[in-house]
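Participant: next come a sequence and a model predicted from it.
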Amino acid sequence: DRGIFSPADRSGAVQIAILGAESLGARSMATVIRTADRTVLIDPGVALAPKRSGFPPHPGEVEAADRVREAVLGWLPRATDVVVTHFHGDHMPLADADPYQVSLSAFVPPRGCRVWVPGEEGHSGQARARRRALGQALRRPLPSAEGKDDGVVACAGPFPHGGGIGAVMIVAVREGDACFVHASDTQLLSPEAVGTVLRWRPSVVYTSGPALYLPEITWEEVDLARAHAARIAAATDTLVIDHHPLRGEGGLRWVEDAGGISAAAFMGVSPTPFEARRRDLWGRPPAGIY
């Protein structure tokens, strides 16, 4: 049954819990997938933009980031597998975490937990340093997981990060005929990444769309991302698009037009894209509040 996936608070042989997303209030794509024998924690990170439209994070964003961090650390003791798709601070624990992020010092996977990370190819010097810090904190070597497949978890890459800022690994978690694919920051702009997603014949895909809020994004890129989303939506039961598009006004509408749903909709709650609404949330300059 390709439709056995469900949010973690519902019944189902395999369960997906999206812990973090912009539609859930903070920058993140943290996700837990539970199969019969495995609990896979993907991208255990969270972050907030320090400034957006001249405003700092709103208290609602801070609360959302706290919830994501607590959820990540709450699931960690049960994890059989931890996957980091790339080395940005909203996707992994950091040695120099700010108050909103997941601290590497608090990130202690249980004994025997498998750790899947990409190799150093295509990553910046900062990203490679974060990779090495992760290995040192966990006190274990971290071989590249790209191209590895143990029958349940499979990883592929490297694929270009949208915006030309590094590389991303894509991961699939499978149980029987069902397949969940987590395709983080390719932003639906890489034909090779889309081809890999489709070859896994996914039941559910959770991916990032284009960064609509950035002035350098082009209409050609937006149209390409929409076309790629349509291809995936036609081949899967559920396409979840979140992250970058939900940082700007109109993001929810773009997701729906592209044939997807937000992470909030998937989890059955109302969307709270706080960063996109930061100016309206403050209502007046922060100097008049602090």
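Facilitator: Noted; the coordinates are in hand.
Participant: helices of the stretch 151-290 of the chain, residue ranges please.
Facilitator: Per DSSP state H, counting those that start in this stretch, the stretch 151-290 of the chain has helices spanning 191-199, 219-235, 251-257, 263-267, 278-282. These are given in chain order.
Participant: got the buried residues for the second one?
Facilitator: To tie it back to what came earlier, the one meant is helix 219-235. E221, V222, L224, A225, R226, H228, A229, A230, R231, I232, A233 (16 or more other C-beta atoms under 10 Å). Using the backbone N, CA and C atoms, a C-beta is placed for each residue, glycine as well.
Participant: quick one: it to helix 191-199, angle?
Facilitator: Using axes from the mean of the first three to the mean of the last three C-alpha atoms, to 10 degrees, the direction of helix 219-235 lies 10 degrees away from that of helix 191-199.
Participant: from the chain's centre, how far out does helix 219-235 sit?
Facilitator: 18 Å (C-alpha atoms, centre = their mean, to the nearest Å).
Participant: might you report the residue contacts of S184?
Facilitator: M29, D43, T85, H86, H91, V168, I170, T207, S208, H243 (C-beta atoms under 8 Å, 6 or more residues apart in numbering).
Participant: hmm, 10 Å instead?
Facilitator: 29, 31, 42-43, 84-86, 88, 90-91, 159, 161-162, 168-171, 193, 206-208, 243-244 (C-beta atoms under 10 Å, 6 or more residues apart in numbering).
Participant: wait, E275 sits on P245?
Facilitator: No: here E275 does not reach P245: they are 11.4 Å apart, not a contact under C-beta atoms under 10 Å.
Participant: higher neighbour count, these two?
Facilitator: P245 (30 against 25; other C-beta atoms under 10 Å).
Participant: can you pull the pLDDT of that one?
Facilitator: pLDDT, P245: 97.
Participant: check the one 4 residues further on too.
Facilitator: Here the pLDDT value assigned to E249 is 88.
Participant: that one reaches P273, doesn't it?
Facilitator: Yes: using C-beta under 10 Å, E249 is in contact with P273, at 8.8 Å.
Participant: neighbour-wise, which of those two wins?
Facilitator: Neighbour count, other C-beta under 10 Å: between E249 and P273, P273 has more, with 24 against 14.
Participant: tell me the phi and psi of the more buried one?
Facilitator: The phi/psi pair for P273 (degrees, to the nearest 10) reads phi -80, psi 80.
Participant: for it, give me its contacts.
Facilitator: Contacts of P273 (C-beta under 10 Å, 6+ apart): 21-26, 61, 242, 245-249, 251-252, 262, 264.
Participant: thinking again about what came up before, list the residues that contact both of E275 and P245?
Facilitator: The overlap between the contact sets of E275 and P245 (C-beta under 10 Å, 6+ apart) consists of E22, Y213, G251.
Participant: where does the stretch 1-150 of the chain have low pLDDT?
Facilitator: Residues of the stretch 1-150 of the chain meeting the criterion pLDDT under 70: 1-13.
Participant: for it, which segments count as helices?
Facilitator: Using DSSP H, counting those that start in this stretch, helices in the stretch 1-150 of the chain cover 59-75, 125-138.
Participant: can you show me the strands along this protein?
Facilitator: For the chain, the strands defined by DSSP state E occupy 5-7, 14-18, 31-34, 39-42, 81-83, 114-116, 153-160, 167-175, 178-183, 204-208, 238-242.
Participant: go through those strands and name the closest to V197.
Facilitator: Among the strands of the chain, strand 178-183 comes nearest to V197, with 5.3 Å by C-beta to C-beta.
Participant: the closest one pairs with which strands, parallel or anti?
Facilitator: strand 167-175 (antiparallel), strand 204-208 (parallel) (DSSP bridges).
Participant: mind putting those strands into TSV with distance to E120?
Facilitator: Formatted as TSV, the strands paired with strand 178-183 follow (distance: least, C-beta to C-beta, whole Å):
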stretch	distance to E120
strand 167-175	9
strand 204-208	22
